[in-house]
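>>> kindly generate the corresponding structure for this input.
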Amino acid sequence: FGGFVMHQYLCWIDASSRRSQGYGAGVPMGGQLKAEKGEAPVFVAWAEADGERLLQRMQLIKGWLDADGNSHEKVIEVAGTSENGASVDLVTCETSGPGERQLCGTWTDPDYNPDLPAFYYIRVLENPTCRWSVRQCNALPADERPEACADPDYYRSIQERAWSTPIWVETN
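Down below sits the predicted model:
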């Protein structure tokens, strides 16, 4: 998946054009954004599912230092939603509900301050699935399962994630 500082229309053009325009006029993942006074950056992020699992949502994470040197982080939902209705049956590990093969979103930073050090990166979450250990527990006959298989503090589902390298803001 990729993230670029670019114009919002990139979500609605074909992937090849999106890549070439993003690299041609934007800042790619891992790049440095030159701070411009009076201009908030526009982020365009695009992700495509890998394999059978569907995507649930895409988030942009902003980290920055304030004028006193204190660190902050903010999570912004840019595409999809955690309320998409996707679920997993923890007995059969079958998934159900909607999801997306691709997510594309844009976001403009309303609090952008070119004088403060900051970074931005993208995180993509898949729909929930069974943990590998639940699959192992389910494969055993019920009377042969270890106690951990029934432990209520033991997470039974997960959401696989992917994230980009950050885009760093070069301050004045």
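
>>> K37: how many residues sit nearby?
Here the count is done by other C-beta atoms under 10 Å, and K37 has 9 residues near it. (Each C-beta comes from the backbone N, C-alpha and C, glycine too.)

>>> so how many other residues sit close to E39?
Around E39 sit 10 other residues, with neighbours defined as other C-beta under 10 Å.

>>> three-state assignment of it?
Remark: E39 carries the secondary structure label coil [criterion: DSSP: H, G, I helix; E, B strand; the rest coil].

>>> and it, what does it touch?
Y112 (C-beta atoms under 8 Å, 6 or more residues apart in numbering).

>>> how near is the residue lying farthest from the centre of the chain to C149?
No residue in the chain has its C-alpha farther from the mean C-alpha position than D143, which lies at 39.7 Å (C-alpha atoms, centre = their mean). From D143 across to C149, the span is 11 Å (C-beta to C-beta, to the nearest Å).

>>> now do the SS call for V44.
Here V44 is strand, with the state taken from three-state DSSP.

>>> right, and Y112 touches G38 too?
No: when contacts are counted by C-beta atoms under 8 Å, Y112 is not listed as touching G38 (9.5 Å).

>>> who's more crowded, these two?
A count of neighbours by other C-beta under 10 Å puts Y112 above the other of Y112 and G38, at 19 against 6.

>>> span of stretch 38-52 from start to end?
Between the start and the finish of stretch 38-52 there is a gap of 43 Å, counting by C-alpha to C-alpha, to the nearest Å.

>>> same thing with stretch 39-53?
First-to-last distance for stretch 39-53 - C-alpha to C-alpha - comes to 38 Å.

>>> same deal with stretch 64-83?
Using C-alpha to C-alpha, the two ends of stretch 64-83 sit 28 Å apart.

>>> pLDDT on that stretch, on average?
Here stretch 64-83 scores 94 as its mean pLDDT.

>>> do you have the helices of this protein handy? List them.
In the chain, the helices defined using DSSP state H lie at 15-25, 132-139.

>>> comparing these, which gets the lowest mean pLDDT score?
Looking over the helices of the chain, mean pLDDT reaches its minimum on helix 15-25, with a mean of 66.
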